[in-house]
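Generate a structure from the sequence data that follows.
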Amino acid sequence: MYRTATGEEVFVLDCHSHLWDASPENQANKYGRGWIDCFYAYHKNLSPAEYVWTLEHYEKYSPDDMVHDQFVKGYVDLAILQPTYLIDFYKNGFNTIEQNSVMKTAYPNRYILNGAFDPRDGDRGIEYLRRQKSEWDIKGVKLYTAEWRGSSKGYKLSDPESYRFLEECIKLGIKNIHVHKGPTIYPLNRDAFDVADVDDAASIFTDLNFIVEHAGLPRIEDFCWIATQESNVYAGLAVVLPFIQPRPRYFAEVMANLLFWIGPDKILFGSDYAIWEPKWLVEKLMAFEMPADLKAEYNVEMTMEIRRKMLGLNAARLYDINPEEHMAKVKGDTFSQQAEQLYATK
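So this is what the prediction gives:
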């Protein structure tokens, strides 16, 4: 947990984290190589210098590294594991639910395990979605509409086959649909990240929550109009938040737009680990103040209540988590004890 200078405890739920394997041994082709190089460029260019990893470590970090960075160093109380399959680029997949489930099994009180579907998989995909629910009782899925599959270079949530899978999610009680709609990643196509199809799906499937990861950047204006119209569309701060380091003014402008248009109840913190570590993101968000001119123009500000909502309370509501009960559950575990020792010496 994060403690303020006055001793207040802040519940932190990291909505966007992964255990990936992008090692050369797992790369299937030049696209697997190019994908992790693109990720690493984001990592280097947006991280503070002291948080930049070596490429070798970045390609494949250990589960021990991950839990230390999140729960000991990083103030995180609970994290959501979001899969990214990329089976055309990586021999065993980049970051599948099977890979992520290792973390959930080892640390059940620290992780929420999300699944995935791809409507291009048809009947086989429906059965796989059902198996994920049966085996892991998933309450959310992560969708990559720009992912390549053979000759296909993406799909839309507005496709009839996507409707079939979203209808199945409702039947299975999978209510949180995390959709990657952010900056282009090599070699995926820019247009496949467009946010317009979220509008269509959210209007039809009002029983589902659509968490637009990365808030649609760089399409922030389109996203804000959609999320204002659709009460079940939320903004994920992964990729948005790291700009607080090299481009604080840009970050402030994005946050002013999000707060003005959709309000503080629909914004969710995510580190996108291991692209970035949560420690510096949490610290900078807690210290962030809205510039005076933006505060006046948009009539918004950053209060402690808003920070609490973004860092954990909003996501807890979507996943039916009681923050007080959860914090009591993990307060005495190994990670909490190690975090107490780490920060007691500073």
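
going forward, measure contacts and count neighbours with C-alpha atoms only.
Fine.

Let me see the ranges of the helices in the stretch 51-200 of the chain.
55-59, 63-67, 97-106, 122-136, 160-172, 196-204 (DSSP state H, counting those that start in this stretch).

Touching the fifth one from outside, list them.
In other words, helix 160-172. Contacts of helix 160-172 from elsewhere in the structure, counted by C-alpha atoms under 8 Å, 6 or more residues apart in numbering, are 117-120, 122, 126, 130, 133, 156-157, 175, 201, 205, 207-208.

Thought residue 84 was touching residue 142, still the case?
Yes: between residue 142 and residue 84 a contact is recorded at 7.5 Å, counting by C-alpha atoms under 8 Å.

And those two? Which one has more around it.
residue 142 (24 against 21; other C-alpha atoms under 10 Å).

which residues do residue 142 and residue 84 both contact?
Taking C-alpha under 8 Å, 6+ apart as the contact criterion, the common neighbours of residue 142 and residue 84 are residue 116.

Give me the buried entries from the contacts of helix 160-172.
Among the contacts of helix 160-172, the ones that count as buried by 16 or more other C-alpha atoms under 10 Å are 117-119, 126, 130, 133, 156-157, 175, 201, 205, 207-208.

how about the longest helix seen in the chain: buried residues?
Using DSSP state H, we find that the single longest helix of the chain is helix 30-46. Neighbour-count burial for helix 30-46, with 16+ other C-alpha under 10 Å as criterion, is recorded at 31-37, 39-40, 42-44, 46.

can I get those in a markdown table with distance to residue 278?
Putting the buried residues of helix 30-46 into a markdown table (distance: C-alpha to C-alpha, whole Å) gives the following:
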| residue | distance to residue 278 |
| --- | --- |
| 31 | 28 |
| 32 | 25 |
| 33 | 25 |
| 34 | 25 |
| 35 | 22 |
| 36 | 20 |
| 37 | 21 |
| 39 | 16 |
| 40 | 16 |
| 42 | 15 |
| 43 | 13 |
| 44 | 15 |
| 46 | 13 |
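
Nearest to residue 186 among those?
Checking the buried residues of helix 30-46 against residue 186 by C-alpha to C-alpha gives residue 35 as the nearest, at 5.4 Å.

Contacts only, for that closest one.
Taking C-alpha under 8 Å, 6+ apart as the test, what residue 35 contacts is 185, 186, 187.

same thing with residue 329?
Applying C-alpha under 8 Å, 6+ apart to residue 329 gives the contacts residue 109.

Look at it and give its secondary structure.
In terms of secondary structure, residue 329 is helix; the call rests on DSSP: H, G, I helix; E, B strand; the rest coil.

Redo the contacts of residue 35 as CSV? Include distance to residue 58.
Rendered in CSV, the data for these read as follows (distance: C-alpha to C-alpha, whole Å):
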residue, distance to residue 58
185, 16
186, 17
187, 19
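
can you list those residues in TSV and add pLDDT, distance to residue 242 and neighbour count?
Listed next are the contacts of residue 35 as TSV, based on pLDDT from 0 to 100; distance: C-alpha to C-alpha, whole Å; neighbours: other C-alpha atoms under 10 Å:
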residue	pLDDT	distance to residue 242	neighbour count
185	93	16	17
186	94	19	16
187	96	22	16
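
Tell me if I am right that residue 286 is in a helix.
Yes: with three-state DSSP as the criterion, residue 286 is located in a helix.

Could you measure from residue 27 over to residue 96?
Here the criterion is C-alpha to C-alpha, to the nearest Å. By it, residue 27 lies 15 Å from residue 96.

Okay, strands next: where are they in this structure?
Listed from the start of the chain, the chain has strands (DSSP state E) covering 2-3, 9-10, 13-17, 78-81, 111-113, 140-143, 176-180, 209-213, 233-236, 267-268.

Distance to residue 70 and mean pLDDT for these - can I get that in a markdown table?
Written out in a markdown table, the entries for the strands of the chain read as follows (distance: least, C-alpha to C-alpha, whole Å; pLDDT from 0 to 100):
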| stretch | distance to residue 70 | mean pLDDT |
| --- | --- | --- |
| strand 2-3 | 12 | 91 |
| strand 9-10 | 15 | 94 |
| strand 13-17 | 9 | 98 |
| strand 78-81 | 8 | 98 |
| strand 111-113 | 11 | 98 |
| strand 140-143 | 20 | 98 |
| strand 176-180 | 21 | 97 |
| strand 209-213 | 19 | 98 |
| strand 233-236 | 18 | 98 |
| strand 267-268 | 17 | 98 |
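
Of all those strands, which one is nearest residue 53?
Evaluated with C-alpha to C-alpha, these place strand 13-17 nearest to residue 53, the distance being 16.6 Å.

Can you spell out which helices and strands pack onto the closest one?
Taking 3 or more C-alpha pairs under 8 Å, 6 or more residues apart in numbering; DSSP states H and E as the contact definition, the neighbouring helices and strands of strand 13-17 are strand 78-81, helix 314-318.

Centre of the chain to that strand, how far?
Average the C-alpha atoms of strand 13-17, do the same for its chain, and the two points are 5 Å apart (C-alpha atoms, centre = their mean, to the nearest Å).
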